[in-house]
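Q: got a predicted structure plus its sequence, pasted below:
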Amino acid sequence: MKSRRDFLKLSALSAGILPVADVLGAENKPVNRPIVLSTWNFGIQANEAAWKILSQQGRALDAVEAGARVPEGDPKETSVGLGGRPDRDGFVTLDACIMDENGGCGSVAFLEHIVHPISVARKVMEKTPHVMLAGEGALQFALANGFKKEKLLTKESEKAWKEWTKSAQYKPVANIENHDTIGIVALDMNGNLSGACTTSGLAYKMHGRIGDSPIIGAGLYVDNEIGAATSTGVGEEVIRIVGCHLVVELMRQGNSPEDACRLAVERIVKKNPAKAKEVQVGFLALNKNGDYGAYCLQKGFNYAVYDASGNSLLDSKSKY
């Protein structure tokens with residue numbers, strides 16, 4: 001004899017809505033999908049691009065790439081892609097990574113002259129046996145795969161850099177110079193997760209500096225059985241704890257997305273309490289059920305969420 005639960009599942013299947021209303025565990029909680037999350041206020045526009053794909057039952061991987069390309073291509077955004085602030089020597093260098101539901105991942109670091117490093121990272125994932133390409137090699141690969149070489153230093157960024165060189169004082173300000181990344185994670189209608197992360201890095205960094213954004217496990221991590229996480233802020237602090245892998249593993253242990261992010265932030269604080277009060281780091285996480293959460297060091301980190309209820313900007317809870 002079929003149980004009431006079996007009957008409800010069968011009814012949902014016949015109505016063609018099981019992918020949305022699949023129930024989990026004893027709580028009979030419906031899965032919240034599709035859903036996409038992005039860091040910072042430019043995540044609103046990124047989410048809109050991603051949602052066009054997700055709402056048509058598209059793949060999460062395609063959605064996160066499309067979303068990440070929005071701020072990358074916006075010359076007014078000074079921390080991602082075209083328009084990104086240069087390093088202290090006046091060069092715009094970009095980092096990005098992407099990860100799919102199968103554990104596939106690709107990354108580029110210290111890449112110049114290419115507006116959309118996230119798409120180059122996807123090509124690395126799909127067309128090479130490697131995970132990461134860097135510098136001149138990454139540029140050669142991009143050009144060989146049809147990407148155009150372009151000038152990334154805009155007049156506005158060049159003017160700001162020249163003004164900075166008068167003092168050449170490097171002291172990132174929380175939520176300004178280290179508001180430097182878009183991280184984006186999504187769960188599609190098929191229940192698959194993917195993520196992307198892209199940045200021009202900290203403004204006026206040392207030439208050759210690479211942060212957490214292109215490092216799988218630091219700036220981004222996806223485990224299709226558990227969830228996905230991304231980060232923003234001063235990448236050095238994230239790298240030291242392999243932050244996003246930590247967040248996903250904390251979710252594996254049964255923590256909610258918000259609690260997992262909070263515990264990762266507290267790990268940073270424990271390692272260097274004094275430094276933690278001076279810089280910003282934020283984590284954003286999404287689990288397999290479509291539950292999400294964020295947590296950061298300093299007040300001021302926000303993130304965008306787009307699901308069936310619409311596209312909204314939320315403030316993250318913070319340690320300080």
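A: On my side now, so go ahead.
Q: which residues in the stretch 151-300 of the chain form helices?
A: If you assign secondary structure with DSSP state H, counting those that start in this stretch, the helices in the stretch 151-300 of the chain sit at 155-164, 235-241, 243-252, 257-271, 273-276.
Q: turn these into a markdown table, including mean neighbour count, distance to V70 and mean pLDDT.
A: Heads up, the C-betas are built off the backbone N, CA and C, glycines and all. As requested, the helices of the stretch 151-300 of the chain are exported to a markdown table (neighbours: other C-beta atoms under 10 Å; distance: least, C-beta to C-beta, whole Å; pLDDT from 0 to 100):
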| stretch | mean neighbour count | distance to V70 | mean pLDDT |
| --- | --- | --- | --- |
| helix 155-164 | 14 | 18 | 93 |
| helix 235-241 | 21 | 21 | 97 |
| helix 243-252 | 24 | 21 | 98 |
| helix 257-271 | 20 | 24 | 98 |
| helix 273-276 | 13 | 31 | 94 |
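Q: out of those, nearest to K123?
A: Across those, the minimum distance to K123, taken as C-beta to C-beta, is reached by helix 243-252, at 22.1 Å.
Q: contact partners of the closest one?
A: The contact list for helix 243-252 (C-beta atoms under 8 Å, 6 or more residues apart in numbering) reads 212, 217-223, 226-231, 237-238, 257, 259-261, 263-264, 267-268, 281, 283, 285, 287.
Q: next: stretch 263-277.
A: Applying C-beta under 8 Å, 6+ apart, the external contacts of stretch 263-277 come out as 237-238, 240-241, 243, 246-247, 250, 255, 281, 283, 295-297, 319-320.
Q: one more pass at 10 Å, please.
A: By C-beta atoms under 10 Å, 6 or more residues apart in numbering, the residues outside stretch 263-277 that reach it are 174, 229, 231, 233-234, 236-238, 240-250, 253, 255, 278-279, 281-283, 285, 294-298, 316-320.
Q: how about low-confidence regions in the stretch 51-200 of the chain?
A: Scanning the stretch 51-200 of the chain with the threshold set as pLDDT under 70 gives 170-180.
Q: what segments of it are strands?
A: Secondary structure of the stretch 51-200 of the chain (DSSP state E, counting those that start in this stretch): strands located at 94-99, 105-111, 132-134, 181-187, 193-199.
Q: can you put the ones you listed in JSON lines and add mean neighbour count and distance to D74?
A: Listed next are the strands of the stretch 51-200 of the chain as JSON lines, based on neighbours: other C-beta atoms under 10 Å; distance: least, C-beta to C-beta, whole Å:
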{"stretch": "strand 94-99", "mean neighbour count": "32", "distance to D74": "14"}
{"stretch": "strand 105-111", "mean neighbour count": "26", "distance to D74": "18"}
{"stretch": "strand 132-134", "mean neighbour count": "20", "distance to D74": "24"}
{"stretch": "strand 181-187", "mean neighbour count": "32", "distance to D74": "10"}
{"stretch": "strand 193-199", "mean neighbour count": "31", "distance to D74": "12"}
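Q: out of those, nearest to L143?
A: With distances scored as C-beta to C-beta, the stretch of the strands of the stretch 51-200 of the chain nearest to L143 is strand 105-111 (11.0 Å).
Q: what helices and strands are in contact with the closest one?
A: Packing partners of strand 105-111 (3 or more C-beta pairs under 10 Å, 6 or more residues apart in numbering; DSSP states H and E): strand 94-99, helix 117-127, strand 132-134, helix 135-144, strand 193-199, strand 220-223.
Q: closest one to W161 among these?
A: With C-beta to C-beta, the closest approach to W161 among these belongs to strand 94-99: 15.7 Å.
Q: partner strands of that closest one and their direction?
A: strand 105-111 (antiparallel), strand 193-199 (antiparallel) (DSSP bridges).
Q: compute the inter-axis angle for the last one and helix 117-127.
A: Orientation note: strand 193-199 sits at an angle of 130 degrees relative to helix 117-127 (axes from the mean of the first three to the mean of the last three C-alpha atoms, to 10 degrees).
Q: for the strands of the stretch 51-200 of the chain, give me CSV that also has distance to G146.
A: Output for those, formatted as CSV (distance: least, C-beta to C-beta, whole Å):
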stretch, distance to G146
strand 94-99, 17
strand 105-111, 15
strand 132-134, 16
strand 181-187, 23
strand 193-199, 19
